[in-house]
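*Asks:* Got a sequence here, can you model it:
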Amino acid sequence: MQIILRNIMEDYVIVTLDRIAADLDCCKCEKCRLDISCYALNRLPAKYVATTQGELMTKLCQFDNQFETKVIAELTAAAEQIKKNPRHIY
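*Replies:* Next comes the predicted model:
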């Protein structure tokens with residue numbers, strides 16, 4: 001089994017964005033979703049782990065409520081910023 005080095009913050013941000021996307025007043029296209037994710041990830045600390053593929057989801061579940069609130073706040077701020085300056089044409 002291969003061990004990989006991952007920034008699990010990336011996965012956590014994507015999972016959280018998928019969960020709250022309906023509540024965000026912004027475009028939901030793939031380009032905007034990626035821009036929102038990038039914006040938030042640049043403002044959140046990296047969380048690197050050495051893990052096997054199967055352990056990845058277990059590690060994602062270890063974040064606490066305070067941290068989840070921070071991620072949601074950053075995603076909300078990111079959505080507002082991207083909404084003002086989308087990189088795609090409607």
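*Asks:* tell me which helix or strand of this protein sits lowest on mean pLDDT?
*Replies:* helix 56-60 (a mean of 64; mean pLDDT, DSSP states H and E).
*Asks:* Centre-most residue in the chain?
*Replies:* Centroid-nearest residue in the chain: Val13, 1.7 Å away (criterion: C-alpha atoms, centre = their mean).
*Asks:* ranges for the strands of this protein?
*Replies:* Ranges of strands in the chain, per DSSP state E, are 4-7, 48-51.
*Asks:* nearest to Pro86, of the ones you listed?
*Replies:* strand 4-7 (25.7 Å; C-beta to C-beta). Where you see a C-beta, it was placed from the backbone N, CA and C, and this is true even at glycine.
*Asks:* For the closest one, which strands pair with it and how are they oriented?
*Replies:* Applying DSSP bridges, strand 4-7 is found paired with strand 48-51 (antiparallel).
*Asks:* Alpha carbons of the strand it pairs with, in PDB - could you do that?
*Replies:* Extracted C-alpha coordinates of strand 48-51, given in PDB (Å, rounded to 0.1, in the frame of the first residue of the first chain):
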ATOM      1  CA  TYR A  48      -0.400  18.000   5.700                       C
ATOM      2  CA  VAL A  49      -0.600  14.300   6.600                       C
ATOM      3  CA  ALA A  50       1.200  11.200   5.400                       C
ATOM      4  CA  THR A  51      -1.600   8.700   4.900                       C
END
